[in-house]
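> return atomic coordinates for the entry below.
(one chain, ligands or ions: 1)
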Amino acid sequence: MNIVLLGPPGAGKGTQAKRIEEKFGLVQLSTGDMLRAAVASGSEIGLKAKAIMEAGQLVPDEVVIALIADRIGRPDAKRGFILDGFPRTTKQAEALDAMLAEKGIKLDHVIEMKVDDALLVDRIAGRYTCAKCGAGYHERNQKPKTEGVCDVCGSTEFKRRADDNAETVSKRLAAYHAQTAPILPYYRARGALKSVDGMAPIDSVTSALSAILAGKPAAAGASKAPKAPKAKRKPKSPAKARPKAKARSKAKGSRAKVPAKKAKRVTKKAVRRVKRPAASVRGKVPRKAAKALGKRRPAARRK
Ligand code: AP5
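Prediction:
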């Protein structure tokens, strides 16, 4: 099973990706983690990415596309993966499609985690991770069971990300809305997009995601992505609309809202009105033209 998790910074992509990874035996592919590892190693990519990440901007598409192409090709990704933080631009989404098609890999789920911007700053400002194993925590929402001790590896050292400060977070949010949110319609148009309420408690979000992945009906916290709005129809003129009321009354019999008799009377009246041109029209135009005009309701009456 191959999944894309989409959502703004702090939406909980990383938190949930780790849980899904364990539960479904998949591998989490986080471009953020890959870039942070590159920065820590002092590689060429890391040196280029460092300043960009600290400024809250997106690293160039070519860099992250190359990182993902390499990572997806490794043996552990064959058992299925969760893309966390990729794609983030339309160019990346298209590149992902191309690389998956080339490898004959199918994308099973694209899930958007919806969270209001107001919540995100607090979530990110309160976040920290274990310096040894990378387990994620939050000052209020997700504390270690024993204060100051990592639940996973027992380490007592923790760290915070260089880009987790209020100023950079607002820039990361702006980048999300300008460059990443536009890829939602890309997946929605293909009927591939589902969404979960990322503001629900962490366990509820996990349940909602698990239900989607297991193909179960929508659980609490899951919400259907809204369809693209339909094109507005031009309102019909009363003369055209009335015969429909008759048809409806016929079809529904006694349950129809407009009684059949009344609808018939109304329809006849409408037809009479339509057939007989207005006095102002009669006599002023040739018969043929008057007849043609008569087929449509004269403008003055249509109001
Ligand atoms: P990246 O590392 O991907 O960061 P991000 O997308 O900004 O997302 P975060 O990791 O900040 O948040 P998250 O959604 O994983 O939330 P988390 O689970 O930690 O990218 C960093 C940078 O790298 C980018 O700015 C960019 O420069 C670069 N980059 C990365 N990918 C790129 C790409 N594809 N293209 C270009 N550039 C790229 O949760 C946050 C906190 O909230 C935690 O403390 C958690 O405990 C808490 N929390 C989570 N869920 C809940 C909940 N339901 N209720 C309460 N608290 C919760």
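> show the contacting residues for the residue of the stretch 201-303 of the chain found nearest the ligand.
Closest residue of the stretch 201-303 of the chain to the ligand, CB to the nearest ligand atom: Ile202 (4.4 Å). To be clear about C-beta, it is placed using only N, CA and C from the backbone, and glycine gets the same treatment. Applying CB atoms under 8 Å, 6 or more residues apart in numbering to Ile202 gives the contacts Gly12, Thr15, Gln16, Asn141, Gln142.
> distance to the ligand and secondary structure added to those, as a markdown table?
Listed next are the contacts of Ile202 as a markdown table, based on distance: CB to the nearest ligand atom, whole Å; DSSP: H, G, I helix; E, B strand; the rest coil:
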| residue | distance to the ligand | secondary structure |
| --- | --- | --- |
| Gly12 | 3 | coil |
| Thr15 | 3 | helix |
| Gln16 | 7 | helix |
| Asn141 | 4 | coil |
| Gln142 | 4 | strand |
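> can you list the low-confidence ranges for the stretch 151-300 of the chain?
Low-confidence segments of the stretch 151-300 of the chain, defined by pLDDT under 70, span residues 217-300.
> hmm, back to that, and the buried ones among the contacts of Ile202, selectable in PyMOL?
Only the buried members of the contacts of Ile202 end up in this PyMOL selection, burial being decided by 16 or more other CB atoms under 10 Å:
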select buried, resi 12+15+16+142
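> can you say which two of the contacts of Ile202 are spatially most distant?
Taking CB to CB, the two most distant members of these are Gln16 and Asn141; they sit 13.2 Å apart.
> quick one on the thing from earlier: tabulate the contacts of Ile202 (TSV), appending distance to Ala211 and pLDDT.
Formatted as TSV, those follow (distance: CB to CB, whole Å; pLDDT from 0 to 100):
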residue	distance to Ala211	pLDDT
Gly12	16	95
Thr15	17	93
Gln16	13	97
Asn141	22	84
Gln142	22	88
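> output the contacts of Ile202 as TSV; include the columns distance to Lys48.
Formatted as TSV, the entries for the contacts of Ile202 read as follows, by distance: CB to CB, whole Å:
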residue	distance to Lys48
Gly12	28
Thr15	28
Gln16	29
Asn141	33
Gln142	32
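> what parts of the stretch 201-303 of the chain come near the ligand?
Applying CB under 6 Å from any ligand atom, we find that the stretch 201-303 of the chain lies next to the ligand at Pro201, Ile202, Val205.
> just the ones of those in helices?
Using DSSP state H to define helices, the subset of these located there is Ile202, Val205.
> give the buried residues for stretch 164-179.
Burial within stretch 164-179, assessed by neighbour count using 16+ other CB under 10 Å, is assigned to Asp164, Thr168, Val169, Arg172, Leu173, Ala175, Tyr176, Gln179.
> nearest to the ligand, of these?
Of the buried residues of stretch 164-179, the one sitting nearest to the ligand (CB to the nearest ligand atom) turns out to be Arg172, at 4.8 Å.
> so that closest one sits in a strand?
No - counting by DSSP: H, G, I helix; E, B strand; the rest coil, one finds Arg172 to be helix, located in no strand.
> Provide a list of residues in contact with it.
Contacts here follow CB under 8 Å, 6+ apart; on that basis Arg172 touches Pro8, Pro9, Gly56, Asp163.
> could you rerun that using 10 Å?
If you count contacts by CB atoms under 10 Å, 6 or more residues apart in numbering, Arg172 has them with 8-10, 53, 55-58, 120, 124, 163-164, 180.
> same thing with Val110?
Residues in contact with Val110 (CB under 10 Å, 6+ apart) are 2-6, 83, 87, 93, 183-184, 186-188, 190, 192-195, 225.
> ramachandran angles for it?
Here is the backbone geometry of Val110 (degrees, to the nearest 10): phi -120, psi 120.
> list the beta-bridge partners for it.
Each beta-bridge partner of Val110 is listed here: Val4, Leu193, as defined by DSSP bridges.
> now do it, the pLDDT please.
The predicted structure scores Val110 at 97 on the pLDDT scale.
> and the strands in this protein?
Along the chain, counting by DSSP state E, strands occupy 3-6, 27-30, 81-84, 109-114, 127-130, 136-138, 158-159, 193-197, 222-223.
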